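Student: just to be clear, the model below is a prediction. Sequence and coordinates:
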Amino acid sequence: MYGLPSSVSLSFLEGRTLLQVCIGLHDLILNFDGDTTITVCSSIGYSTTFAQVKRYVDFRQSATVLCTFLGTTIRAAKNAGDGTLALEFTKGRTLHLYDDSTDYESYTIKHGDQLIVV
């Protein structure tokens with residue numbers, strides 16, 4: 001667990017539209033417009049405005065949910081504490097990226113030349 005430093009500005013994620021979801025056995029790749037990619041190797045969560053967070057460890061089980069994010073835009077990107085990144089999309093949906101790996105990176109965010117490793 002590397003953590004997501006509170007000093008890191010995530011504002012560059014706001015306004016990014018999800019263009020592609022790539023699901024593998026051990027990783028998830030989210031490709032956005034604006035030369036922005038998030039690669040996830042830990043668990044994720046999904047919630048709506050009125051629902052509890054549903055957590056997924058196996059990305060294959062989250063495929064249907066993840067595809068509903070395609071074409072939607074990040075309204076807010078927040079450091080939710082404990083290394084968790086909360087991406088609030090349009091239509092009241094939030095994708096949670098957890099920092100739950102003790103030995104490896106949980107997720108990386110690449111934006112142009114900038115790289116954030118958590």
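Tutor: That came through fine. Numbering: from 1, shown residues only.

Student: from Phe32, how far off is the residue nearest in space to the middle of the chain?
Tutor: Against the mean C-alpha coordinate of the chain, by C-alpha atoms, centre = their mean, the closest residue is Leu97 at 4.7 Å. Noted for Leu97: a distance of 13 Å to Phe32, by C-beta to C-beta, to the nearest Å. C-beta coordinates here come from the backbone N, C-alpha and C atoms, glycine included.

Student: overlap in contacts, those two.
Tutor: Ile38 (C-beta atoms under 8 Å, 6 or more residues apart in numbering).

Student: ok so, going back, can you pull the contacts of the spatially closest residue to the residue nearest to the centre of the chain that is not a sequence neighbour?
Tutor: Take Leu97 and drop its neighbours on the chain: the residue closest to it by C-beta to C-beta, 6 or more residues apart in numbering is Leu85, 4.4 Å away. By C-beta under 8 Å, 6+ apart, the contact list for Leu85 reads Leu4, Leu10, Ala77, Lys78, Asn79, His96, Leu97, Tyr107, Ile109, Val118.
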